[in-house]
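Chemist: quick one: sequence and predicted model below, then my questions.
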Amino acid sequence: MSVPANERSAAKPAERELARVAIIGSGPLAAEVLRNLGLVGVPATVHRPEDFWQTLQLSDLQDCYCAVAAGIPVEARRRLNALCQVAAADLVCVATGAHGITVETFPFGSDPGCACAECEAPVDDSDLASPVPDPIASSIAGALAAAAALHCASEGARRLYTPEVNETSTLVPLARRDDCDACTPPWRAPRVIRTRNRWTGRDFLRAEAPALAAQRVLLSDAVVTACDCAGCGPVAALTALLNRPAAEAAAVPACPSCGADSVRVEARDTFSLGELTERFGRGPVPAKFALAEIGGMAVCFDLEAAARDPGSAA
């Protein structure tokens, strides 16, 4: 059984609201997770690894029991790890391949002190899938991941490892690493506030503007702050990438003017509130959410909510 490309959360809005598990993956493994959840009547949505960042909204994930990473690349798993921590949603990572079957569980929703998916080195991308997927291994792994998604709540993160289908499995705890940047504040379970994606202060905040301008804000997505050609200097097509997602600039292979591989890009994800106001004003920041520590409390501003529900401006 395979997951059609259009079966991701290209489902109707009403179906997305009913979903209790978000599956990120494609192919047999994601399909097996979906099938096993369906057998017990648990509604789920499937998102492709290459675009789940756009299709899976933070507010939808907050309504889920769990997210399942079904054999996805390391970079996609890293981003899902961050999103699940912010949403305080449990995360299950399942993979099959030359290494056997691995199922990792991270109960972010019930254990705020557990390890995250980056506290220990993940499985290499080269090991995530065999040249020819093993249908038996995919079936077993899908069933294990579905069961883990429904019973993830526990004390601590764990890894279940099965080297071969007919060999004994081992279950080991995963320790949180003190110096892991991926699960330090404000990433871990901040207070989520759904707000408008606009950065010009309201009139009643005008007197507080100087003090608020210094507030440090961490965006979910890096933004281009400079882009030019080392040979040509400023080029209109490259200048147009300013204040756009860094991923867009990374997709430019060469200078559109001279054709040389000399494009210079500067991007960052941390700004002061004053900088964001100056750069974007009444326009939206190209980010999924923004994190800040205010009065000693970690806060997440959900910037997608107003886009989905125009009446939800804060």
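Modeler: Happy to help now that I have it. Numbers count the residues shown, from 1 in each chain.

Chemist: what segments of the stretch 51-200 of the chain are helices?
Modeler: 52-55, 58-62, 74-87, 135-150 (DSSP state H, counting those that start in this stretch).

Chemist: among the ones you listed, which is nearest residue 242?
Modeler: helix 52-55 (21.2 Å; C-beta to C-beta). No exception for glycine: its C-beta is placed from N, CA and C like everyone else's.

Chemist: now do the buried residues in that closest one.
Modeler: Neighbour counts using 16 or more other C-beta atoms under 10 Å place 52, 53, 55 of helix 52-55 among the buried residues.

Chemist: can you redo those residues as JSON lines with pLDDT?
Modeler: Shown next, in JSON lines, are these (pLDDT from 0 to 100):
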{"residue": "52", "pLDDT": "97"}
{"residue": "53", "pLDDT": "95"}
{"residue": "55", "pLDDT": "95"}
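
Chemist: wait, which of those is closest to residue 240?
Modeler: Nearest to residue 240 among these is residue 53, at 22.1 Å by C-beta to C-beta.

Chemist: so what's that closest one closest to, chain neighbours aside?
Modeler: Nearest residue to residue 53 in three dimensions, chain neighbours excluded: residue 79, at 6.0 Å (C-beta to C-beta, 6 or more residues apart in numbering).

Chemist: do the same with residue 248
Modeler: Per C-beta to C-beta, 6+ apart, closest to residue 248 is residue 241, 6.0 Å.

Chemist: residues contacting that neighbour?
Modeler: Counting by C-beta atoms under 8 Å, 6 or more residues apart in numbering, residue 241 makes contact with 224, 227, 248, 249, 252, 265.

Chemist: between the helices of the stretch 51-200 of the chain, which gets nearest to residue 44?
Modeler: Closest to residue 44 of these is helix 135-150 (C-beta to C-beta; 8.5 Å).

Chemist: what sits up against that closest one?
Modeler: For helix 135-150, the external contacting residues (C-beta under 8 Å, 6+ apart) are 21, 28-29, 31-33, 35-37, 40, 42, 65-66, 68, 70, 90, 92, 94-96, 100-101, 103, 105, 160, 162, 165.

Chemist: of the residues you listed, which belong to strands?
Modeler: Counting by DSSP state E, the part of the contacts of helix 135-150 found in strands is 21, 66, 68, 70, 90, 92, 94-96, 100-101, 103, 105, 160, 162.

Chemist: domain-wise, how is the chain divided?
Modeler: What automatic domain parsing lists as the domains of the chain is 5-179, 191-312.

Chemist: of all the ones you listed, which one is nearest residue 185?
Modeler: domain 191-312 (5.0 Å).

Chemist: in helices only, show me the contacts of residue 241.
Modeler: If you go by DSSP state H, the contacts of residue 241 have 248, 249 in helices.

Chemist: still on that earlier bit, which of the buried residues of helix 52-55 lies closest to residue 217?
Modeler: Looking across those and measuring by C-beta to C-beta, the closest to residue 217 is residue 53, at 18.9 Å.

Chemist: which residues touch the closest one?
Modeler: Shown in contact with residue 53 (C-beta under 8 Å, 6+ apart): 79, 83, 288.

Chemist: swap the cut-off to 10 Å and go again
Modeler: 24, 47, 76, 79, 80, 83, 220, 221, 245, 247, 288 (C-beta atoms under 10 Å, 6 or more residues apart in numbering).

Chemist: kindly report the same for residue 259.
Modeler: Neighbour list for residue 259: 229, 231, 253 [criterion: C-beta under 10 Å, 6+ apart].

Chemist: could you give the mean pLDDT of stretch 249-268?
Modeler: Average pLDDT, stretch 249-268: 92.

Chemist: go on, stretch 281-290?
Modeler: For stretch 281-290, mean pLDDT rounds to 90.
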